[in-house]
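Q: sequence below, structure please.
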Amino acid sequence: MKKTRKKSDAVALNSVLVRRPIQRCFPIFIFPTFIAFIIGFLYPFVKGIYLSFCTFTTPRDAKFAGLTNYIKAFQDPSFVHAFWFTALFTIVSILAINILAFTVAYVLTQNILGANVFRTVFFMPNLIGGIVLGYIWSMIFDGILRYYDTYLLAKTSYGFWGLLILMCWQQVGYMMIIYIAGLQGIPEDMMEAAKIDGANKWQTLWKVTIPNVMPSITICVFLTLTNSFKLFDQNLALTNGMPAAFQPDGSIINTTEMLALNIYKTFYTGANTRGVAQAKAVMFFILVAAFALAQLKATRDKEVQQ
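A: Numbers count the residues shown, from 1 in each chain. Below is the predicted model of the structure:
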């Protein structure tokens, strides 16, 4: 008894002696990271919000303009169209990517021959950059559609489904890895209990498997949502927002242009539009943050209920 007490006292003393110098010196280690955070993120973020209320060519000649930029952004039909196009694409891509990724992960955790090889093959597209993928898939789609005397940019629907196929091909493998980790973490006794109770595979999937992988579903839906809303390089390389459509008021809207690409084009259209582009970027940040937080709350509530 005395030996045990002495041993625990020695461990406690050692832990205190180890922690004390760390507690005294932690500002030295945190300070460089904190300064980098301020310079690299916090200052540009605050400066960007300020510039959204200004007209400017460069940040040095910014002149305060109030809510003018935000009013112009809301009145821009291309921005409104880009929002609804992005929202629709995000909803469809969340469903498609996560259903496919979960299906592939479920199949590859059933002890099939060559499962590790298939995991590697499915994950590899995620290693290729979005610009490269966009150009590769544009050639593939045009090569297929040529047999039907048409091309990718002929219709908005072609561009929409082309972007969706590209995103699925790139993202499914990454989400699959997360789902596999969740599936492998399900307790074996729970699965055996379901078999003893007479549950078939479909019942086990819905009543045992899916509830236990809800943390993985939360992560994958969050990543898919944010990746889809922020999609830029694939959109630029595959369609560049085309085809264009004329509006009754004479304006032109690029029908497959998503929010990030719309902001980019607005910024580089001319010096007088940079404040409007900055206002769009601030609203874009608020939209993505709001949707992501709402999704996290909704799916985490599901986790708590299980």
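Q: got the phi and psi for Ala245?
A: phi -130, psi 140 (degrees, to the nearest 10).
Q: partners of it in the sheet?
A: Here Ala245 sits in beta bridges with Ile253, as judged by DSSP bridges.
Q: how far away is Gln203 from Asp149?
A: Counting by C-beta to C-beta, to the nearest Å, the gap between Gln203 and Asp149 amounts to 49 Å. No exception for glycine: its C-beta is placed from N, CA and C like everyone else's.
Q: who's more crowded, those two?
A: For Gln203 and Asp149, the more surrounded residue by other C-beta atoms under 10 Å is Gln203, and the numbers stand at 13 against 7.
Q: check contacts around that one.
A: Listed by C-beta atoms under 8 Å, 6 or more residues apart in numbering, the contact partners of Gln203 are Ala194.
Q: and it, that one's in a helix?
A: Yes - following the definition DSSP: H, G, I helix; E, B strand; the rest coil, Gln203 is counted among the residues of a helix.
Q: check the gap between it and Met191 for me.
A: Distance, Gln203 to Met191, using C-beta to C-beta: 12 Å.
Q: Gly159 touches Leu153, doesn't it?
A: Yes - using C-beta atoms under 8 Å, Gly159 is in contact with Leu153, at 6.6 Å.
Q: shared neighbours of these two, anything?
A: Contact criterion C-beta under 8 Å, 6+ apart; residues bridging Gly159 and Leu153 by contacting each: Thr239, Met242, Pro243.
Q: could you count how many residues lie near the last one?
A: Here the count is done by other C-beta under 10 Å, and Pro243 has 17 residues near it.
Q: the first one now?
A: Using other C-beta under 10 Å, the number of residues around Thr239 comes to 26.
Q: if I pick Leu153, what's in contact with it?
A: With contacts defined as C-beta under 8 Å, 6+ apart, Leu153 is in contact with Gly159, Thr239, Met242, Pro243.
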